[in-house]
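Student: Quick check, what structure comes out for this input:
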Amino acid sequence: MNTWIDLLFGGDYGGSSAGPETALFVVVYAFVIGQFVGWTYMLTHKGLSYSQTFVGSLVVIPVIVAMLMLMMANSFVVAFGLLAVFAVVRFRNVLKDTRDTTFILWAIMEGLGVGTMKFSTALMGALGVAVVLAYLRLTAFGSRHRYDAVLTLQLTGDLVTGVSTLKQVLRRHSSRVHLTSERKLTDEGLDLSYRLLLRDPSRCDELQWALKQTEGFDRISLYLREDESEI
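Tutor: Prediction:
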C-alpha cells in the first residue's frame, strides 16, 4: 500500500526532480496568470460576438500548458513524443467549442504524464484542472450581463410628452436603458427599440402592464434574452 502512495505523491520518475509541491505551485501560478489574461480580454473586448467558453479557456489553457512543460522539462524525447501525439491525433469533426479543445489538451496532458511515469505531476494536474473548471462553472466566469431584455413599441400622439413618460416608466423598472433604434413612421408615430437591464427579470410582466396602461403606447413587445451573442 505504501508503495502505491509513494508512486502517486512521491518524486516523479523519468529524470524529473519535480515533486507534488512544485506541480501545485505551477498550477496555482498558471491559474493566477490565466485569470489576468481572462479579465484583460473581458475588459478590452469590443464587438458583437463574445464567447464565455472562450474566456474560460483562457484561464484553463495556461494551467494545462504549464503542466505539459513541467512534464517535458529536460527531456527532448518527451518533447518529440508530444509532437508525435499531436500529429497522430485526427478529428473527423471540427471542434466548434473552445472548451472541447481544452478538454482534448487536458486528456493529452494526463496521458503524457502517466506514460512518462510522472505520476504525482499527472495527479496534481488532474486535480488542479478539475478545480479550475469547477471554479469557472460555479462563478460563471466570463459572463457579461449588461442587458437582459429587449423592448419594442410604437409611440403615438405627442412625441415629446410620450418619450418623457416612457423614460420615467423604464427607469422605475430598469437599472440600465439603451435606445437601439428609432424610426419615424408618420408625423405622429415613432417606432422605438430598447435594450434593458431589469431590476428584477421575474417581474417583467409588471413593466409590460405599466406600458399598456399608459396612453400613447401601442404594439408593445417585451422579451428576455442574453446580452452577448456567442459563436
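Student: For this structure, which residues score under the pLDDT cut-off?
Tutor: Where the chain drops to pLDDT under 70, the residues are 1-18, 47-48, 74, 84-95, 144-146, 185-188, 225-231.
Student: Pop the domain breakdown of it in here.
Tutor: Per automatic domain parsing, the domain ranges recorded for the chain read 2-139, 149-224.
Student: okay, these in a markdown table with mean neighbour count next?
Tutor: Just so you know, the C-beta spots here come from the backbone N, C-alpha and C atoms, and that holds for glycine as well. Formatted as a markdown table, the domains of the chain follow (neighbours: other Cβ atoms under 10 Å):
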| stretch | mean neighbour count |
| --- | --- |
| domain 2-139 | 16 |
| domain 149-224 | 15 |
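Student: In terms of helix, strand or coil, where does Met117 fall?
Tutor: coil (DSSP: H, G, I helix; E, B strand; the rest coil).
Student: so how far is Val55 from it?
Tutor: With the distance defined as Cβ to Cβ, to the nearest Å, Met117 ends up 35 Å from Val55.
Student: Also Lys184?
Tutor: Separation of Lys184 from Val55 (Cβ to Cβ): 40 Å.
Student: and what of Thr214?
Tutor: Shown here: Thr214 relative to Val55, a distance of 40 Å by Cβ to Cβ.
Student: got it, and Thr40?
Tutor: Taking Cβ to Cβ, one finds Thr40 at 10 Å from Val55.
Student: Same question for Lys118.
Tutor: 30 Å.
Student: now swap in Arg199 and tell me
Tutor: 26 Å.
Student: Tell me where this protein has strands.
Tutor: Remark: strands assigned in the chain by DSSP state E are 149-156, 174-186, 189-198, 217-224.
Student: Which one, of the ones you listed, ends up nearest to Ala30?
Tutor: The minimum distance between Ala30 and the strands of the chain falls on strand 189-198, with 34.4 Å, by Cβ to Cβ.
Student: who does that closest one pair up with?
Tutor: Sheet pairing of strand 189-198 (DSSP bridges) gives strand 149-156 (antiparallel), strand 174-186 (antiparallel).
Student: Nearest to Leu24, out of those strands?
Tutor: strand 174-186 (41.8 Å).
Student: Can you give the contact residues for that closest one?
Tutor: If you take Cβ atoms under 8 Å, 6 or more residues apart in numbering as the criterion, strand 174-186 is touched by 146-147, 149, 154, 167, 170-171, 190-199, 207.
Student: Apply 10 Å and report the result again.
Tutor: If you take Cβ atoms under 10 Å, 6 or more residues apart in numbering as the criterion, strand 174-186 is touched by 146-152, 154-156, 159, 163, 166-167, 170-171, 189-200, 204, 207.
Student: and it, C-alpha only, in CSV?
Tutor: The C-alpha coordinates for strand 174-186 follow below in CSV (Å, rounded to 0.1, in the frame of the first residue of the first chain):
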residue,chain,number,x,y,z
SER,A,174,-34.8,49.0,-15.2
SER,A,175,-31.3,49.8,-13.9
ARG,A,176,-29.9,50.4,-17.4
VAL,A,177,-31.7,51.6,-20.5
HIS,A,178,-30.2,51.8,-24.0
LEU,A,179,-32.0,53.0,-27.1
THR,A,180,-31.0,50.8,-30.0
SER,A,181,-33.2,52.1,-32.8
GLU,A,182,-35.6,54.9,-33.5
ARG,A,183,-37.7,55.1,-36.7
LYS,A,184,-40.3,57.8,-37.5
LEU,A,185,-43.3,56.3,-39.4
THR,A,186,-45.7,59.3,-39.6
